[in-house]
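Trainee: task: produce atomic coordinates for the following.
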Amino acid sequence: MKSLRVVLVPLICCLCAIATEAADRLPVPDDAAQKAALVTVKDVFRQDLAAAKSATQQVELGQRMLRSLEEKTEAATANYVLLVQAQGLAVKAFNPELTRQVIDELAKRYEVDPLLLRAAAIRDLSKGPTDSKLHGNLAQTALVLVDDCVEQERFEVAASAVELANSLAIRAKSNDLRKQSTTRKTEVAELQKLWTDARKARDTLSKSPQDAAANDALGRYLIAAKNDWDQGLRHWVLSSNEDIQKVAKQDNDVLDALGPSSMEKNVALGDSWWDLAAKQSSPALKAAMKLRAGQWYDSILGGLEGLTKARADQRLTESRWLNDPIVAKRMPRSRTWEKLNSRFAAAEGWFTGKLALCQAAPFEEALSLNQVLTLWKFRPIRFRPYRTSDGLKVAAIWHKSPIESQITHGSQYQVRQREEELRELGFFPCDVAGYFNESGEEEFTVVWNKSKPPGATDAILVLSHKTGEKMEQHTAEALPVAVHHFWTPKQEPVDSQVRTKPGGAHGHVWGSRGAVQKALDETKIVCVDLSLSSLGNESDLNKLHWAATFHPRDNTQFAEVYKPNVAGNRAEWRKLADAGYSPVAIGAVSLRNGATVSSTIWHRSTK
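Mentor: Alright, predicted model coming up:
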């Protein structure tokens, strides 16, 4: 019996990780076709079927049947029969992994009901040796199936599965499982009623979207059954229940705010949902409201003190909020981040909780993104405008950081005016990019941080320097930390720079991709900045102008992401972020055919 218990360890995950939908599935073959195919299958595997006496032999034969499946359409009937036979072997051997594989294949290939298949598999596996451990595991698996049925609004299957779970709990002699299944049975009945009411409410709302009773009913179902607070709150703000409507409006306002809410608002929302939960007769609704309260308490628990903290901590425990990422996704505390994901995707970018990048954001959109990100304590690292046939666009990088920042843009005169004001307030430049507007006038964008650059006493802002010409000595001796190259209307190369004092060893390469690539490959020091520039008529990637700046740095690795298309870059960004890298530099340019080309530099500490 011990060996059976070892097999049971992966049982729950095996029978729960089953596909539910697939495109282009085939109908189940009719009985006559199956009967004919069965003759052939039994003839082919006659000796193997006769020899498969032990569980190991049965599983091996079932696996061979799976490997015998063919992809061509004319083999559909034979494949179906092979899968049925393999399922029979899996049950005989009591092998949940083979059972999962068979149901996966059936659900992928044929118009079958995966939920019913899973329920049947649990029943068949329960016919194995009498063993409390076995039946306890199967009872837990059946309860998970109940949850999946509720999620897919298959309440008739859920009701059957919960009865199965209760029967198995009795056979397992587990009071805890019996209690769980009894409770779940009551919940399923309640959720089924909410679902019935919600279906009627949807019909009503299709004709009268403002109907208060219908909005209340649909909100109850979405929140109690689906845990969908995003959509549920949208209906509850129109609820016929004044208490629910009042708290829902407060919650919904926080969700729609551009920036994060205050600690006071979060505590108030937690208290409001908790108090409202106490008034509910519905166990499912009471639990859902407590869970939402726990989520708000959890968001600010670290900042609370004294009795307020003790009360929030106690309620958090009682709410059963575990900060599960899957649950949290359905219970947003702000819709802004989801909107930011869409906005960054449209700008050929990527947004996470720690960093953000864009390769092709329209200039005003990039400034708007910066305003929102600033509210969430992000600061720009690079902000590089470049001209395209569709107007001015921006490649930029933001990091999560408490350091205050600002972006200024305008003519040289305007930027210098703002520089005086910002320096008096303790700001230092960290990035600069020059460009020419549609009127042929030179403009600049500067990123300012309210913090000195690491290891520096000052930062010098160079707005327009003719590439190749000597700088004043005090500037030339300073260390270049940001260098952006661009071209005048007369096709003369110029650059904008931020240099820090004291100076230090550095390298800078400007020219073809080949020259920069050689430096990236061979240099013993670290690339800290990179830019691309174009005369405006290039269609060949090899004719673009590149620049890279290098510093000697200990304990730092760097990597470049440069793909022929911006979508390819985004895929590589994710890999580097997963490997512990952070973006530090970005350059982008538009080709004559309208395509955008960009490159990013990423750093990782080796400490």
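
Trainee: was I right about V516 contacting W546?
Mentor: Yes: using C-beta atoms under 8 Å, V516 is in contact with W546, at 4.1 Å. To be clear about C-beta, it is placed using only N, CA and C from the backbone, and glycine gets the same treatment.

Trainee: pop out the phi and psi values for the residue nearest the centre of the chain.
Mentor: Centroid check for the chain by C-alpha atoms, centre = their mean gives T352 as the closest residue, at 7.8 Å. Main-chain torsions, T352, degrees, to the nearest 10: phi -130, psi -180.

Trainee: run through the residues that contact it.
Mentor: A577 (C-beta atoms under 8 Å, 6 or more residues apart in numbering).

Trainee: how much space separates it from T445?
Mentor: Look at T352 and T445: by C-beta to C-beta, to the nearest Å, they are 24 Å apart.

Trainee: next one: G503
Mentor: 25 Å.

Trainee: who's more crowded, these two?
Mentor: T445 (26 against 15; other C-beta atoms under 10 Å).

Trainee: in a helix, that one, correct?
Mentor: No: with DSSP: H, G, I helix; E, B strand; the rest coil as the criterion, T445 is located in strand rather than a helix.

Trainee: right, and it touches I407 too?
Mentor: Yes: contact status for T445 versus I407: in contact at 6.5 Å, counting by C-beta under 8 Å.

Trainee: tell me, what's touching those two both at once?
Mentor: Shared contacts of T445 and I407 (C-beta under 8 Å, 6+ apart): F383.

Trainee: what about S239, how many neighbours?
Mentor: Neighbour tally, S239, other C-beta under 10 Å: 24.

Trainee: swap in A567?
Mentor: 10.

Trainee: against V526, how distant is S334?
Mentor: Distance from S334 to V526, by C-beta to C-beta: 36 Å.

Trainee: show me what contacts the residue nearest to F155 when sequence neighbours are not counted?
Mentor: For F155, ignoring the flanking residues on the chain, the nearest one in space by C-beta to C-beta, 6 or more residues apart in numbering is Q192 at 4.2 Å. Neighbouring residues of Q192 by C-beta under 8 Å, 6+ apart: 155, 158-159.

Trainee: could you single out the nearest of those residues to G511?
Mentor: A158 (67.3 Å; C-beta to C-beta).

Trainee: next, the contact list for the closest one, please.
Mentor: 146, 149-150, 188, 192.

Trainee: among these, which are in helices?
Mentor: 146, 149-150, 188, 192 (DSSP state H).

Trainee: sort out for me which of the contacts of Q192 are in strands.
Mentor: Among the contacts of Q192, no member is found in strands (DSSP state E).

Trainee: re the thing from before, which neighbours do V516 and W546 share?
Mentor: Contacts common to V516 and W546, judged by C-beta under 8 Å, 6+ apart, are 509, 530.

Trainee: re the thing from before, let me have the contacts of Q192 in TSV, adding distance to A293 and pLDDT as columns.
Mentor: Shown next, in TSV, are these (distance: C-beta to C-beta, whole Å; pLDDT from 0 to 100):
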residue	distance to A293	pLDDT
F155	27	95
A158	27	95
A159	30	94
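
Trainee: V432 belongs to a helix?
Mentor: No: V432 is assigned strand when assessed by three-state DSSP, not a helix.

Trainee: that one pairs with what?
Mentor: Beta bridges link V432 to V446, judged by DSSP bridges.

Trainee: check the gap between it and V526 for me.
Mentor: Distance from V432 to V526, by C-beta to C-beta: 21 Å.

Trainee: comparing these two, which residue is more hemmed in?
Mentor: Using other C-beta under 10 Å, the more surrounded residue of V432 and V526 is V432, with 26 against 18.

Trainee: which ones are touching that one?
Mentor: Neighbours of V432 in contact, by C-beta under 8 Å, 6+ apart: 444-447, 461-463, 482, 484, 496-498.

Trainee: what's the answer for N266, then?
Mentor: N266 sits next to 296-297, 299-300 when contact means C-beta under 8 Å, 6+ apart.

Trainee: which stretches of this structure have low pLDDT?
Mentor: Confidence mapping of the chain against pLDDT under 70 gives the ranges 1-23, 536-540.

Trainee: residue ranges of each domain in it, please.
Mentor: According to automatic domain parsing, the chain comprises the domains 2-193, 235-330, 336-605.

Trainee: assign the residue lying closest to L576 once chain neighbours are set aside to helix, strand or coil.
Mentor: If the residues on either side of it in the chain are set aside, L576 comes closest to W602, at 4.9 Å by C-beta to C-beta, 6+ apart. Classification of W602 by three-state DSSP places it in strand.

Trainee: was I right about W602 contacting I586?
Mentor: No: if you go by C-beta under 8 Å, W602 and I586 don't touch, sitting 10.0 Å apart.

Trainee: give me the more crowded residue out of those two.
Mentor: Taking neighbours as other C-beta under 10 Å, W602 and I586 compare with I586 leading, 27 against 23.

Trainee: the more buried one bridge partners, please.
Mentor: Applying DSSP bridges, one finds that I586 bridges with T600.

Trainee: state the distance from it to A346.
Mentor: 17 Å.

Trainee: before we move on, what about V81?
Mentor: V81 is 49 Å from A346, by C-beta to C-beta.

Trainee: more neighbours, those two?
Mentor: When neighbours are counted by other C-beta under 10 Å, V81 comes out ahead of the other of V81 and A346, with 22 against 13.

Trainee: check contacts around the more buried one.
Mentor: Applying C-beta under 8 Å, 6+ apart, the residues contacting V81 are 29, 34, 37-38, 41.

Trainee: all strands of the stretch 501-607 of the chain, in order?
Mentor: 507-511, 526-533, 545-551, 556-561, 582-590, 596-605 (DSSP state E, counting those that start in this stretch).

Trainee: got TSV for those, with distance to L168 too?
Mentor: Converted to TSV, the strands of the stretch 501-607 of the chain look like this (distance: least, C-beta to C-beta, whole Å):
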stretch	distance to L168
strand 507-511	70
strand 526-533	61
strand 545-551	65
strand 556-561	52
strand 582-590	50
strand 596-605	50
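
Trainee: right, and the ones you listed - which one's nearest N437?
Mentor: Here strand 582-590 is closest among these (C-beta to C-beta), at 15.1 Å.

Trainee: figure out how far the closest one is from the centre of its chain.
Mentor: The chain centre lies 22 Å from the centre of strand 582-590; the measure is C-alpha atoms, centre = their mean, to the nearest Å.

Trainee: tell me the one of the contacts of V81 nearest R220?
Mentor: For the contacts of V81, the nearest to R220 is P29 (43.5 Å; C-beta to C-beta).

Trainee: which ones are touching the closest one?
Mentor: Contacts of P29 by C-beta under 8 Å, 6+ apart are 37, 76-77, 80-81.

Trainee: three-state assignment of it?
Mentor: P29 - assigned by three-state DSSP - is coil.

Trainee: phi and psi next, for it.
Mentor: According to degrees, to the nearest 10, P29 has phi -60, psi 150.

Trainee: that one and K290: what is the separation?
Mentor: Taken as C-beta to C-beta, the span from P29 to K290 is 50 Å.

Trainee: and E438, how many residues sit next to it?
Mentor: Going by other C-beta under 10 Å, the residues that sit close to E438 add up to 8.

Trainee: right, I mislabeled it, should have said V509
Mentor: Neighbour tally, V509, other C-beta under 10 Å: 19.

Trainee: is it correct that it is in contact with Q517?
Mentor: No: counting by C-beta under 8 Å, Q517 is not a contact partner of V509; they are 9.6 Å apart.

Trainee: how about R379, secondary structure?
Mentor: Applying three-state DSSP: R379 is strand.

Trainee: skip the chain neighbours and tell me the closest residue to it.
Mentor: Per C-beta to C-beta, 6+ apart, closest to R379 is S405, 3.9 Å.
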